[in-house]
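Q: Coordinates for the following, if possible.
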Amino acid sequence: MADNLVIVESPAKAKTIEGFLGKDYLVKSSYGHVRDLVKNDKAIDIERNFEPLYEVSDDKTKVVDELKRLTKKAKTVWLATDEDREGEAISWHLFETLNLNKANTKRIVFHEITKKAIQEAISKPRFIDMHLVDAQQARRILDRLVGFELSPVLWKKVKPSLSAGRVQSVSVRLIVERERDVENFKSQSAFRVIAQFRVNDKYGNSTLLKAELPHRFPKQGDANDFLAKLINADFKIGNLEVKPGKKSPAAPFTTSTLQQEASRKLGFSVSQTMVVAQRLYESGKITYMRTDSVNLSQLAIDAAKEAITRQYGKEYSNPRQYKTKSASAQEAHEAIRPSYLDQPTIDGDNADRRLYELIYKRTIASQMAEAQLERTIVTIENNKTKDIFNATGEVIRFDGFLRVYLESTDDEGSDEKENESGLLPPLKIGQVLDLDNITATQKFTSPSARYTEASLVKKLEELGIGRPSTYAPTISTVQKRGYVVKEDRPGKERNYMVLTLKKGKISVEEKTENYGAEKSKMFPTDIGTVVTDFLALNFPAIMDYNFTATVEKEFDEIAQGNLEWAKMIKKFYGPFHKLVESTEKNSERATGERVLGIHPENGKKVTARIGRFGPLVQITSDNEEEKPQFAKLRSEQRLESITLEEALDLFKMPRNLGQYEDADVTIGIGRFGPYAKHQNIFVSLAKTDDPYTIDLERSIELIEAKRKAERERIISVFAERPDVQVLNGRWGPYLSIGDANFKIPKDRDPKKLTLADCLEISADEKNASGGKSRFKKKGAAKKTEAVVKKLPVKKTAAKKAPAKKTAAAKTATPIKAAPAKKTAAKKAPAKKAAAKKTKK
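A: Alright, predicted model coming up:
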């Protein structure tokens, strides 16, 4: 046994570090947190100043036992978990759970897994920073209190199985408010005027010079009148203005900017980015990936300078240090960068390589010279009006950092950029221009863009909500809870007008364009909207952006030792708990109900609301004895926007599509979703099939596909006993007799089984599906075999017998009842043991 035991969070990190340390060091992994708050409502003792109660999770018992054994043999224990608050908390939990001695326990931190960084950390150990632990503990306790107290209120007032959280609920609010902005947006149109002139380029070839009118016309008539004035007009260049410009590189990556750029450039989700970055860090490829600092070490700056000079030349190098905008930057001491700046790429997984190269390019570009530009503005006059057209061009005189990297944006493409161009043809003041055409195109204003995961992270960071370690889990949680969906949605068509002046004549043309298409955007679900409205109405402080940001600042204060965590929790909890109690007693149930109108045929009220199983529409009669009718909303429909006509269409189920093989084919919606029915066959529709538009041809295709699958499923069936079948199942071949299933021994060929073989297999208790519990007493297998053999050949009788057997197993027949009680008795001690563990 080595004298030194080093404990880290992950096996990958352990493997990398072990390669840098000698034989005197043994590196082991804790596989993340070894303990957490107990899962019941006793996790936090409010009466004892919010004292938390922790327990070792069942899946970590063996890990803890092994680490305890190793710590007893080691002379020194090194806690080498990550350097942020969560990493500090993991070290503290290890210290407490393993009963470590402060005298021989040392805490080390490093922001990159390199030999130099590890050896330097070993030479400068410290002890666990309890201020950082308290900050993380305060976050965990506050979020548990909010979740455990708010969630039951939602169960009672909205729908069972819902949850709420301090950060997740505010994040959903952002998405709900943006969706309402989009839905309520009233688009306006105006006519954008662009002229194109024929000029010669520097080689004497004819080319087009595009120029735009600075203002737009709100009405088609105004645009038409303007074009009419310019018939037979003369155009010339009134002025040429050349301005120098420059572009500066973006700072190295923080957690949020990495998540944003990986989304824009690589198409990664926020959680995927963090999983890949974690792998890169643990394998020693990049520095720590949870940080809000843009600072680079002097060592990294020098290494970048050497790499840039060697690859691009001295003129491309411009070492610089960036300052972090956030005053609370606390997750790490350096930006995300490659551990070794002489490695532009890496081998291995494609996702790892792509993210690594993105990080490398961003880091290198941050230390490169600015790009030098030359921007030219051309003013074009005419002899008919005082209006002028402007043409712009931009030329890169020195590419600088642009040779390596240019930061992307979330701008979805304004038509303002259509007129931007690169190099302009040779021009001079007073030059007469030959007009080719002038167009006035109808353009429409657009609402604010819906959030992508990347733009939501950016917004959360701007508002001070959450920290680098919380962005990814928050975005994943709101999607898992069903409050938000990330998806593509098709656009819609609209008509627009184009007026063209060419060769002295004005033509008018109506064209069609597609607008509003969305890709990987975040949309609130109906349940997400209703929960947000309920929480905003009854818990305005929790849903307030400033409150959430203030809480984050208080966590920062705790981490710096300027605030006691228990006082902070107590200040929040008192008023919050009273509000929870008041809301439970006094608030009304939230369903998001909208009255859509009156049914045109029967005069009944039609409403849309949230039901126990999700959003629905309902037809209700004034007669209380008459049961209401219900229909689920389609996936693309929303409570806030569904119309009466759309709601009534939902009640047109089942749909009769026609006949196939002299039998009706109908479409319906059942408990498990939409289906097609033909004779006695029920076929689930694919996710891509719309039950309201699917046709007979597609339904027959699904029916035949199921028939084929059923045929392929049957291996053997016996004419004298049709209830005995050898089938292909999800987990391989099995034997079916009536309603009972049996495993086929591995040494038996399913295709060669005879009826006698099948009955023999069914008589062996080892082959019973569900294990030996089907055979409660000795001789039960023989009784089963006897029952099977006595069954008549008729199929109906064969099916009834297994049903009796099943009933016997569940009810009070003398043979089966006693074992059932005995089995239950065995389970009780297990529960008791678990209770003791929690209490301990």
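
Q: How many residues are close by Tyr660?
A: 16 (other C-beta atoms under 10 Å). Heads up, the C-betas are built off the backbone N, CA and C, glycines and all.

Q: so where's the stretch 51-200 of the chain uncertain?
A: Along the stretch 51-200 of the chain, segments meeting pLDDT under 70 are nowhere present.

Q: Break down it into its helices, ranges please.
A: 61-73, 85-97, 115-123, 130-157, 166-184 (DSSP state H, counting those that start in this stretch).

Q: Highest mean neighbour count out of the ones you listed?
A: helix 85-97 (a mean of 23; mean count of other C-beta atoms under 10 Å).

Q: Assign Phe547 to helix, strand or coil.
A: Here Phe547 is helix, with the state taken from DSSP: H, G, I helix; E, B strand; the rest coil.

Q: Surely it and Glu554 touch.
A: No - using C-beta atoms under 8 Å, Phe547 is not in contact with Glu554; the gap is 10.5 Å.

Q: Could you check which of these two has the larger neighbour count?
A: Glu554 (22 against 16).

Q: any idea how far Gly221 lies from Lys511?
A: As judged by C-beta to C-beta, to the nearest Å, Gly221 and Lys511 stand 19 Å apart.

Q: Now the residue most central in space within the chain: closest residue in space that isn't a chain neighbour?
A: Nearest residue to the geometric centre of the chain (C-alpha atoms, centre = their mean): Ser476, 4.3 Å. In space, Ser476 comes closest to Ser271 once its chain neighbours are excluded; the distance is 5.0 Å by C-beta to C-beta, 6 or more residues apart in numbering.

Q: One more: Pro750?
A: Nearest one to Pro750, counting by C-beta to C-beta, 6+ apart, is Pro733 at 3.9 Å.

Q: host element of the one you found?
A: strand 732-737 (DSSP states H and E).

Q: Check which helices and strands the helix or strand following that strand is in contact with.
A: Using DSSP H and E, the helix or strand that follows strand 732-737 in sequence is strand 740-743. Here strand 740-743 touches strand 732-737, helix 755-763, helix 795-810, going by 3 or more C-beta pairs under 8 Å, 6 or more residues apart in numbering; DSSP states H and E.

Q: Against Ala250, how distant is Lys521?
A: 24 Å.

Q: neighbour count winner among these two?
A: Taking other C-beta under 10 Å, Lys521 and Ala250 do not tie; Lys521 has more neighbours (21 against 18).

Q: ok, now which ones touch the residue lying closest to the more buried one once chain neighbours are set aside?
A: Leaving aside its chain neighbours, Lys521 sits nearest to Arg450 (4.2 Å; criterion: C-beta to C-beta, 6+ apart). Contacts here follow C-beta atoms under 8 Å, 6 or more residues apart in numbering; on that basis Arg450 touches 175, 178-179, 182, 518, 521-523.

Q: now swap in Arg494 and tell me
A: Here Arg494 is in contact with 444, 512-513, 515 (criterion: C-beta under 8 Å, 6+ apart).

Q: what's the answer for His33, then?
A: By C-beta under 8 Å, 6+ apart, the neighbours of His33 are 57, 60, 89-90, 93.

Q: returning to what we had before: so which of the helices of the stretch 51-200 of the chain comes closest to Leu535?
A: Ranking the helices of the stretch 51-200 of the chain by proximity to Leu535 (C-beta to C-beta) places helix 166-184 first, at 5.6 Å.

Q: Kindly confirm my reading that Thr268 is in a helix.
A: In this structure residue 268 is Phe, not Thr. No - counting by three-state DSSP, Phe268 is located in no helix; its state is coil.

Q: my guess is it contacts Val276, does it?
A: Yes - using C-beta under 8 Å, Phe268 is in contact with Val276, at 7.2 Å.

Q: Identify the contacts common to the two.
A: In contact with both Phe268 and Val276: 351, 355, using C-beta under 8 Å, 6+ apart.

Q: Those two: which is more packed in?
A: Neighbour count, other C-beta under 10 Å: between Phe268 and Val276, Phe268 has more, with 24 against 21.

Q: Could you find the closest non-adjacent residue to the more buried one?
A: Ala262 (4.2 Å).

Q: my guess is the one you found meets Val275, correct?
A: No - the criterion here is C-beta under 8 Å, and Ala262 misses it with Val275 at 11.1 Å.

Q: Looking at these two, which one has more neighbours?
A: Per other C-beta under 10 Å, whichever of Ala262 and Val275 has more neighbours is Ala262, with 26 against 14.

Q: Could you measure from the more buried one over to Ile364?
A: 17 Å.

Q: Then Ile301?
A: 11 Å.

Q: more neighbours, the two?
A: Shown here are Ile301 and Ile364; by other C-beta under 10 Å, Ile364 has more neighbours (26 against 18).

Q: element containing that one?
A: Residue-wise, Ile364 maps onto helix 350-366 under DSSP H and E.

Q: Kindly report the same for Lys15.
A: helix 11-18.

Q: Tell me how far that helix lies from the chain's centre.
A: 29 Å (C-alpha atoms, centre = their mean, to the nearest Å).

Q: Then stretch 386-404?
A: On C-alpha atoms, centre = their mean, the centre of stretch 386-404 falls 38 Å from the chain's centre.

Q: What are the buried residues along it?
A: 389, 391-393, 396, 399-404 (16 or more other C-beta atoms under 10 Å).

Q: Please report the distance of Lys766 from Asp723.
A: Counting by C-beta to C-beta - Lys766 and Asp723 are separated by 22 Å.

Q: Comparing those two, which residue is more hemmed in?
A: A direct count of neighbours by other C-beta under 10 Å for Lys766 and Asp723 places Asp723 higher, at 23 against 12.

Q: ok but that one is inside a strand, no?
A: Yes - judged by three-state DSSP, Asp723 forms part of a strand.

Q: I'd guessed it sits against Gly738; true?
A: Yes - if you go by C-beta under 8 Å, Asp723 and Gly738 touch, sitting 5.0 Å apart.

Q: before we move on, the earlier item: how about the secondary structure of the residue nearest to Phe268?
A: helix.

Q: separation between it and Arg337?
A: Distance from Ala262 to Arg337, by C-beta to C-beta: 15 Å.

Q: and what of Ala590?
A: Taking C-beta to C-beta, one finds Ala590 at 48 Å from Arg337.

Q: quick one, which of these two is more surrounded?
A: The residue with more neighbours, out of Ala590 and Arg337, is Arg337; 24 against 19, by other C-beta under 10 Å.

Q: Based on its surroundings, how many neighbours for the nearest residue to that one once chain neighbours are set aside?
A: With C-beta to C-beta, 6+ apart as the criterion, Arg337 has its nearest non-adjacent residue at 4.3 Å, and that residue is Thr363. Residues near Thr363, counting by other C-beta under 10 Å, number 27.

Q: from now on call the first residue 325
A: Sure, I'll start numbering at 325, so the last one becomes Thr687.

Q: re earlier: got the angle for the helix holding Lys339 vs helix 439-447?
A: 90 degrees (axes from the mean of the first three to the mean of the last three C-alpha atoms, to 10 degrees).
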